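A.B. asks: Sequence isn't available, so here's the structure alone:
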(Lines give C-alpha, C1' and ligand atoms only; values in the text may rest on other atoms or scores of the structure.)
Protein backbone atom coordinates (compact mmCIF):
# COMPACT_ATOMS: atom_id res chain seq x y z
CA UNK A 1 0.00 0.00 0.00
CA UNK A 2 1.25 3.44 -0.86
CA UNK A 3 2.31 5.24 2.31
CA UNK A 4 1.52 8.64 0.85
CA UNK A 5 -2.06 7.66 0.21
CA UNK A 6 -2.61 6.45 3.76
CA UNK A 7 -0.87 9.49 5.22
CA UNK A 8 -3.29 11.65 3.24
CA UNK A 9 -6.29 9.70 4.52
CA UNK A 10 -5.04 9.72 8.08
CA UNK A 11 -5.13 13.51 8.19
CA UNK A 12 -8.92 13.18 8.45
CA UNK A 13 -10.16 13.72 11.99
CA UNK A 14 -13.19 11.87 13.27
CA UNK A 15 -16.00 14.06 14.52
CA UNK A 16 -18.23 13.20 17.47
CA UNK A 17 -21.71 12.61 16.10
CA UNK A 18 -24.55 10.99 17.94
CA UNK A 19 -25.79 9.25 14.82
CA UNK A 20 -22.47 8.18 13.26
CA UNK A 21 -20.09 5.74 14.90
CA UNK A 22 -16.35 5.84 14.28
CA UNK A 23 -16.80 2.79 12.07
CA UNK A 24 -19.47 4.55 10.00
CA UNK A 25 -17.30 7.64 9.61
CA UNK A 26 -14.33 5.50 8.57
CA UNK A 27 -16.56 3.71 6.07
CA UNK A 28 -17.46 7.06 4.50
CA UNK A 29 -13.81 8.12 4.39
CA UNK A 30 -12.62 4.89 2.77
CA UNK A 31 -15.61 4.74 0.43
CA UNK A 32 -14.81 8.22 -0.87
CA UNK A 33 -11.12 7.30 -1.17
CA UNK A 34 -11.98 4.29 -3.33
CA UNK A 35 -14.47 6.20 -5.49
CA UNK A 36 -12.00 9.04 -6.00
CA UNK A 37 -9.06 6.73 -6.70
CA UNK A 38 -6.99 7.62 -3.63
CA UNK A 39 -7.20 3.90 -2.91
CA UNK A 40 -6.66 2.33 -6.34
CA UNK A 41 -8.27 -0.79 -7.79
CA UNK A 42 -6.20 -3.82 -6.77
CA UNK A 43 -4.51 -2.00 -3.88
CA UNK A 44 -4.03 -3.99 -0.67
CA UNK A 45 -5.53 -2.71 2.57
CA UNK A 46 -5.55 -4.24 6.02
CA UNK A 47 -7.41 -3.80 9.29
CA UNK A 48 -4.17 -3.64 11.28
CA UNK A 49 -2.59 -0.96 9.12
CA UNK A 50 -5.77 1.14 9.03
CA UNK A 51 -6.11 0.82 12.77
CA UNK A 52 -2.57 2.11 13.27
CA UNK A 53 -2.86 4.90 10.72
CA UNK A 54 -6.09 6.26 12.18
CA UNK A 55 -5.13 5.51 15.79
CA UNK A 56 -8.35 3.60 16.43
CA UNK A 57 -9.15 0.06 17.55
CA UNK A 58 -9.68 -2.70 15.01
CA UNK A 59 -13.41 -3.02 15.76
CA UNK A 60 -14.51 0.15 13.89
CA UNK A 61 -12.11 -0.73 11.07
CA UNK A 62 -13.73 -4.16 10.82
CA UNK A 63 -17.15 -2.49 10.81
CA UNK A 64 -16.08 -0.22 7.95
CA UNK A 65 -14.57 -3.13 6.00
CA UNK A 66 -17.79 -5.13 6.30
CA UNK A 67 -19.79 -2.26 4.80
CA UNK A 68 -17.25 -1.79 2.01
CA UNK A 69 -17.46 -5.49 1.27
CA UNK A 70 -21.25 -5.35 1.09
CA UNK A 71 -20.89 -2.52 -1.45
CA UNK A 72 -18.39 -4.71 -3.33
CA UNK A 73 -15.72 -2.07 -3.06
CA UNK A 74 -13.24 -4.42 -1.37
CA UNK A 75 -12.74 -8.17 -1.46
CA UNK A 76 -11.01 -10.70 0.75
CA UNK A 77 -8.79 -13.16 -1.12
CA UNK A 78 -8.03 -16.28 0.98
CA UNK A 79 -4.40 -16.56 2.04
CA UNK A 80 -3.63 -13.28 0.26
CA UNK A 81 -5.37 -10.43 2.04
CA UNK A 82 -7.94 -7.70 1.45
CA UNK A 83 -7.89 -5.62 -1.71
CA UNK A 84 -9.77 -2.77 -3.32
CA UNK A 85 -11.97 -4.44 -5.93
CA UNK A 86 -11.46 -3.65 -9.55
CA UNK A 87 -14.47 -2.20 -11.35
CA UNK A 88 -16.91 -4.64 -12.92
CA UNK A 89 -18.58 -3.39 -16.10
CA UNK A 90 -21.53 -5.69 -15.44
CA UNK A 91 -21.99 -4.38 -11.90
CA UNK A 92 -21.87 -0.78 -13.13
CA UNK A 93 -24.57 -1.55 -15.69
CA UNK A 94 -26.70 -3.39 -13.12
CA UNK A 95 -26.37 -0.47 -10.68
CA UNK A 96 -27.35 2.01 -13.38
CA UNK A 97 -30.42 -0.08 -14.22
CA UNK A 98 -31.62 -0.18 -10.61
CA UNK A 99 -30.82 3.48 -10.02
CA UNK A 100 -32.85 4.47 -13.06
CA UNK A 101 -35.90 2.57 -11.80
CA UNK A 102 -35.70 4.28 -8.41
CA UNK A 103 -34.92 7.81 -9.55
CA UNK A 104 -37.46 7.94 -12.37
CA UNK A 105 -40.12 6.97 -9.86
CA UNK A 106 -38.89 9.64 -7.44
CA UNK A 107 -38.82 12.45 -9.99
CA UNK A 108 -42.37 11.61 -11.05
CA UNK A 109 -43.49 11.76 -7.43
CA UNK A 110 -41.93 15.12 -6.68
CA UNK A 111 -43.31 16.60 -9.90
CA UNK A 112 -46.83 15.71 -8.83
CA UNK A 113 -46.31 17.32 -5.41
CA UNK A 114 -45.91 20.87 -6.81
CA UNK A 115 -43.46 21.74 -4.01
CA UNK A 116 -42.05 25.26 -4.44
CA UNK A 117 -39.51 24.69 -1.65
CA UNK A 118 -38.03 21.80 -3.62
CA UNK A 119 -37.58 23.97 -6.70
CA UNK A 120 -35.82 26.60 -4.59
CA UNK A 121 -33.55 24.00 -2.98
CA UNK A 122 -32.61 22.50 -6.34
CA UNK A 123 -31.95 25.91 -7.89
CA UNK A 124 -29.58 26.63 -4.99
CA UNK A 125 -27.65 23.45 -5.76
CA UNK A 126 -27.41 24.52 -9.41
CA UNK A 127 -26.01 27.90 -8.34
CA UNK A 128 -23.35 26.15 -6.26
CA UNK A 129 -22.49 23.83 -9.15
CA UNK A 130 -21.97 26.78 -11.45
CA UNK A 131 -19.53 28.23 -8.95
CA UNK A 132 -17.33 25.13 -8.78
CA UNK A 133 -13.80 25.88 -9.93
CA UNK A 134 -12.68 24.17 -13.16
CA UNK A 135 -11.18 20.76 -12.40
CA UNK A 136 -12.63 20.48 -8.89
CA UNK A 137 -14.40 17.21 -9.56
CA UNK A 138 -14.70 16.32 -5.89
CA UNK A 139 -16.73 19.45 -5.17
CA UNK A 140 -18.89 19.00 -8.23
CA UNK A 141 -19.69 15.35 -7.61
CA UNK A 142 -20.55 16.14 -3.98
CA UNK A 143 -23.09 18.68 -5.26
CA UNK A 144 -24.33 16.19 -7.84
CA UNK A 145 -25.01 13.81 -4.98
CA UNK A 146 -26.80 16.59 -3.08
CA UNK A 147 -29.04 17.26 -6.09
CA UNK A 148 -30.26 13.67 -6.32
CA UNK A 149 -30.48 13.27 -2.54
CA UNK A 150 -32.65 16.39 -2.30
CA UNK A 151 -35.10 14.91 -4.78
CA UNK A 152 -35.34 11.66 -2.83
CA UNK A 153 -35.82 13.32 0.56
CA UNK A 154 -38.53 15.68 -0.76
CA UNK A 155 -40.34 12.60 -2.05
CA UNK A 156 -40.07 11.16 1.48
CA UNK A 157 -38.03 8.28 0.06
CA UNK A 158 -35.11 8.20 2.47
CA UNK A 159 -34.82 4.41 2.33
CA UNK A 160 -34.89 4.49 -1.48
CA UNK A 161 -32.02 6.98 -1.35
CA UNK A 162 -30.01 4.74 0.98
CA UNK A 163 -30.47 1.89 -1.48
CA UNK A 164 -29.45 4.15 -4.36
CA UNK A 165 -26.42 5.36 -2.44
CA UNK A 166 -25.30 1.80 -1.71
CA UNK A 167 -25.53 0.64 -5.34
CA UNK A 168 -24.16 3.69 -7.11
CA UNK A 169 -20.63 3.52 -5.71
CA UNK A 170 -19.54 1.52 -8.76
CA UNK A 171 -21.07 4.14 -11.06
CA UNK A 172 -19.37 6.92 -9.15
CA UNK A 173 -15.96 5.30 -9.63
CA UNK A 174 -16.46 5.43 -13.39
CA UNK A 175 -17.87 8.95 -13.31
CA UNK A 176 -14.88 10.19 -11.32
CA UNK A 177 -12.50 8.76 -13.92
CA UNK A 178 -14.45 10.53 -16.66
CA UNK A 179 -13.12 13.85 -15.40
CA UNK A 180 -9.56 12.74 -16.26
CA UNK A 181 -10.12 13.34 -19.96
CA UNK A 182 -13.43 15.21 -20.21
CA UNK A 183 -15.01 18.21 -18.53
CA UNK A 184 -18.72 17.37 -18.34
CA UNK A 185 -19.53 19.85 -15.56
CA UNK A 186 -21.35 22.32 -17.81
CA UNK A 187 -23.32 19.55 -19.52
CA UNK A 188 -24.30 17.87 -16.26
CA UNK A 189 -25.36 21.17 -14.74
CA UNK A 190 -27.47 21.90 -17.81
CA UNK A 191 -29.16 18.50 -17.50
CA UNK A 192 -29.91 19.19 -13.84
CA UNK A 193 -31.49 22.49 -14.86
CA UNK A 194 -33.64 20.70 -17.43
CA UNK A 195 -34.86 18.31 -14.76
CA UNK A 196 -35.84 21.24 -12.53
CA UNK A 197 -37.64 22.94 -15.43
CA UNK A 198 -39.64 19.78 -16.08
CA UNK A 199 -40.58 19.49 -12.41
CA UNK A 200 -41.57 23.14 -12.26
CA UNK A 201 -43.75 22.75 -15.35
CA UNK A 202 -45.71 19.95 -13.61
CA UNK A 203 -44.83 17.49 -16.38
CA UNK A 204 -43.93 14.10 -14.83
CA UNK A 205 -43.35 12.43 -18.22
CA UNK A 206 -40.90 15.11 -19.27
CA UNK A 207 -39.21 15.00 -15.87
CA UNK A 208 -38.79 11.23 -16.08
CA UNK A 209 -37.53 11.36 -19.68
CA UNK A 210 -34.99 14.04 -18.79
CA UNK A 211 -33.80 12.12 -15.73
CA UNK A 212 -33.50 8.95 -17.80
CA UNK A 213 -31.33 10.70 -20.39
CA UNK A 214 -29.22 12.13 -17.57
CA UNK A 215 -28.64 8.75 -15.92
CA UNK A 216 -27.92 7.00 -19.22
CA UNK A 217 -24.98 9.29 -19.95
CA UNK A 218 -22.74 6.67 -18.33
CA UNK A 219 -23.63 4.15 -21.06
CA UNK A 220 -21.55 6.23 -23.47
CA UNK A 221 -18.67 7.00 -21.15
CA UNK A 222 -18.26 3.51 -19.63
CA UNK A 223 -16.75 1.79 -22.71
CA UNK A 224 -14.35 4.71 -23.17
CA UNK A 225 -13.26 4.56 -19.53
CA UNK A 226 -12.78 0.78 -19.61
CA UNK A 227 -10.63 1.10 -22.73
CA UNK A 228 -8.58 3.98 -21.36
CA UNK A 229 -7.99 2.46 -17.91
CA UNK A 230 -8.00 -1.35 -18.39
CA UNK A 231 -5.97 -1.81 -15.19
CA UNK A 232 -8.93 -0.44 -13.20
CA UNK A 233 -11.37 -3.06 -14.49
CA UNK A 234 -11.97 -6.75 -14.02
CA UNK A 235 -10.47 -8.51 -17.04
CA UNK A 236 -12.35 -10.61 -19.58
CA UNK A 237 -15.74 -9.03 -19.09
CA UNK A 238 -18.14 -8.51 -21.98
CA UNK A 239 -18.07 -5.05 -23.53
CA UNK A 240 -20.61 -2.54 -22.23
CA UNK A 241 -23.40 -1.87 -24.70
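C.D. replies: Arrived safely, thanks for sending. Computed from a predicted model, the values in this text were never measured in an experiment.

A.B. asks: ok, residue 86 - contacts?
C.D. replies: Counting by CB atoms under 8 Å, 6 or more residues apart in numbering, residue 86 touches 41, 42, 232, 233, 234. Bear in mind the C-beta positions are built from the backbone N, C-alpha and C, glycine included.

A.B. asks: could you redo those residues as CSV and give each row secondary structure and pLDDT?
C.D. replies: CSV is the format used below for the contacts of residue 86 (DSSP: H, G, I helix; E, B strand; the rest coil; pLDDT from 0 to 100):
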residue, secondary structure, pLDDT
41, coil, 94
42, coil, 93
232, helix, 94
233, strand, 96
234, coil, 91
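
A.B. asks: Now that we have those residues, which of them are buried?
C.D. replies: Under a neighbour-count criterion of 16 or more other CB atoms under 10 Å, the subset of the contacts of residue 86 counted as buried comprises 41, 232, 233.

A.B. asks: beta partners of the last one?
C.D. replies: Read that as residue 233. Beta-bridge pairing of residue 233 under DSSP bridges involves residue 87.

A.B. asks: and residue 103, what is it in contact with?
C.D. replies: Residues in contact with residue 103 (CB under 8 Å, 6+ apart) are 148, 151, 152, 164, 211, 215.

A.B. asks: Which ones among the residues you listed lie within strands?
C.D. replies: Applying DSSP state E to the contacts of residue 103, no entry is found in strands.

A.B. asks: biggest separation within these, which pair?
C.D. replies: Of all pairs drawn from the contacts of residue 103, the one with the longest distance (CB to CB) is 152 and 215, at 13.6 Å.

A.B. asks: Name the residue in those two with the higher neighbour count.
C.D. replies: residue 152 (23 against 20; other CB atoms under 10 Å).
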